[in-house]
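Visitor: sequence and predicted structure below; questions after.
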Protein chains: 2
Amino acid sequence: MKLHCGIGPNSYRVRIFMAEKGIDLPLVEVDLMKGEHKSREFLKLNSLGQIPVLELDDGAVITESIAICRYLEELHPEPALFGRTALERARVEMWNRRAEIELFGTVGNVALHSDPMFAERLTQFPAFAETQRELAPQKWRWLDRELADGRPFLAGDFFSVADITAGVVAWLGDFFGMNVPGDTRHVAAWLQRVRSRPSWSA
Amino acid sequence: MKLHCGIGPNSYRVRIFMAEKGIDLPLVEVDLMKGEHKSREFLKLNSLGQIPVLELDDGAVITESIAICRYLEELHPEPALFGRTALERARVEMWNRRAEIELFGTVGNVALHSDPMFAERLTQFPAFAETQRELAPQKWRWLDRELADGRPFLAGDFFSVADITAGVVAWLGDFFGMNVPGDTRHVAAWLQRVRSRPSWSA
């Protein structure tokens, strides 16, 4: 089994996930800058030309970061990062999706519609990027209100893949000049908690 | 336990899921046209003001359609709609996400950026909607190439939540004048298979 990955938030999410579980897999570096993800060979692995991709020993392929993480969770259940009970698992799914849709979606739209790196991938609308850039602090403030109940992590009192997703969005936002606003103290405390984990250097 | 739901693709996804499993839950109709999802009372259930929402007997709340479906799958495992083995579950997650990101994302952007219904929700960019409208047939053609291996359903030889998501996107596309293009015969056969299920009238 090996993981095809490279730069970017999605490969980073999977690497953090693996580090949390102590999973050591052969990594195949895909150089996005050289366009290796659009090579004929890579497109056979993933017709969407995206990383990360998990390639199993029998040639089966799993794409999409969270699908890869779920598969790794089944092979290495401890520590559980998708929850331990039905309700925990539902809350992790809920919060991972909220982190993806509300936070990642907003910050990602800014990157997709303003960074020259994505100019070939889609028709960019810089004005749309600007509305999303203005929206990003509001999304963090929404999360701040949600965390005001004092729980340490997004889905409750345990660290989960939802924290990985949201933490990586903060990292991505920093990269694109969209820092978490300074008035979100619950988010700041949560982010400190997440970023101080050894897995963050994965 | 009760489900707060109403019109729209996400409530429909959950209703189809429930119908496939024969789950009968009290439904609380949330009238989006009357803005009931933005009422103070509803925002206490879901601060994002979105449906569907599953409210448990102890007051716990699960939002996000797929989180609700996963919870229902745990309570009612049969028939399995998220896969039976680790690899099946990974493939369902992968294909549900591909259906959401590639298909739902594209068709959804057209709706969000062109329909007056969403004018209050975000700054609309009709030109962006147009690029997404042109992209939609390409996404269905991509899916057609993926289904050319002859498998009956998105994640393999079994019906899953990924088929519900993609099928509901086709339904949404019809509503917004973006029919599945006529040259996608594998998609057409799959869609026929999916739409003929009794659950589709849920």
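Guide: Done, it's in.

Visitor: contacts, neighbours, all on C-alpha from now
Guide: Noted.

Visitor: contact residues of chain A facing chain B?
Guide: By C-alpha under 8 Å from any C-alpha of the partner chain, the part of chain A that sits against chain B consists of A:62-64, A:66-68, A:70-71, A:74, A:86-87, A:89-91, A:93-94, A:97-98, A:123, A:125, A:128, A:131.

Visitor: again, only this time at 7 Å
Guide: Residues of chain A found near chain B (C-alpha under 7 Å from any C-alpha of the partner chain) are A:62-64, A:67-68, A:70-71, A:74, A:86-87, A:90-91, A:93-94, A:125, A:128.

Visitor: which ones among those are found in strands?
Guide: Among the residues of chain A next to chain B, DSSP state E puts A:Ile62, A:Thr63 in strands.

Visitor: only the buried subset of the residues of chain A next to chain B, as a PyMOL command please.
Guide: To isolate the buried members of the residues of chain A next to chain B in PyMOL, using 16 or more other C-alpha atoms under 10 Å in any protein chain shown:
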select buried, chain A and resi 62+63+64+67+68+70+71+87+90+91+93+94+125+128
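
Visitor: for the residues of chain A next to chain B, which one is nearest B:Lys34?
Guide: Taking C-alpha to C-alpha as the measure, A:Met94 is the one of the residues of chain A next to chain B closest to B:Lys34, at 25.9 Å.

Visitor: circling back: of all the residues of chain A next to chain B, which two lie farthest apart?
Guide: Taking C-alpha to C-alpha as the measure, the residues of chain A next to chain B span a maximum distance of 41.3 Å, between A:Ala86 and A:Phe125.

Visitor: surely A:Ala99 meets A:Ala166?
Guide: Yes. The pair A:Ala99 / A:Ala166 is scored as a contact, 5.2 Å apart, by C-alpha atoms under 7 Å.

Visitor: let's check: the centremost residue of chain A is which one?
Guide: A:Thr165 (3.8 Å; C-alpha atoms, centre = their mean).

Visitor: what's the helix or strand A:Met18 falls within packed up against?
Guide: Taking DSSP states H and E as the criterion, the element that holds A:Met18 is helix A:9-21. Using 3 or more C-alpha pairs under 7 Å, 6 or more residues apart in numbering or on different chains; DSSP states H and E, the elements in contact with helix A:9-21 are helix A:65-75, helix A:161-175.

Visitor: would you put the C-alpha positions of the shortest one in PDB?
Guide: Read that as helix A:65-75. Provided in PDB are the C-alpha atoms of helix A:65-75 (Å, rounded to 0.1, in the frame of the first residue of the first chain):
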ATOM      1  CA  SER A  65      -8.800  12.400   1.500                       C
ATOM      2  CA  ILE A  66     -11.600  11.500   3.900                       C
ATOM      3  CA  ALA A  67     -12.200   8.200   2.100                       C
ATOM      4  CA  ILE A  68      -8.500   7.400   2.500                       C
ATOM      5  CA  CYS A  69      -8.600   8.400   6.200                       C
ATOM      6  CA  ARG A  70     -11.700   6.200   6.800                       C
ATOM      7  CA  TYR A  71     -10.000   3.200   5.200                       C
ATOM      8  CA  LEU A  72      -6.900   3.800   7.400                       C
ATOM      9  CA  GLU A  73      -9.100   4.100  10.400                       C
ATOM     10  CA  GLU A  74     -10.500   0.600   9.700                       C
ATOM     11  CA  LEU A  75      -7.000  -0.900   9.400                       C
END
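
Visitor: tell me the helices and strands packed up against it.
Guide: helix A:9-21, helix B:86-98.

Visitor: after the last one comes which helix or strand?
Guide: Secondary structure here is assigned by DSSP H and E; on that basis, the next helix or strand after helix B:86-98 toward the C-terminus is helix B:105-114.

Visitor: what's in contact with that next one?
Guide: The contact list for helix B:105-114, computed with C-alpha atoms under 7 Å, 6 or more residues apart in numbering or on different chains, reads B:Phe118, B:Gln124, B:Phe125, B:Pro126, B:Ala129, B:Glu130, B:Gln132, B:Arg133, B:Ala136, B:Gly173, B:Phe176.

Visitor: over to stretch A:152-163?
Guide: For stretch A:152-163, contacts defined as C-alpha under 7 Å, 6+ apart pick out A:Leu81, A:Phe82, A:Arg91, A:Val92, A:Trp95, A:Asn96, A:Ala99, A:Arg151, A:Trp190.

Visitor: max pairwise distance over those: which two?
Guide: Pairwise over those, using C-alpha to C-alpha, the maximum falls at A:Phe82 and A:Trp190, 18.2 Å.

Visitor: of the two, give the one with the bigger neighbour count.
Guide: A:Phe82 (23 against 19; other C-alpha atoms under 10 Å in any protein chain shown).
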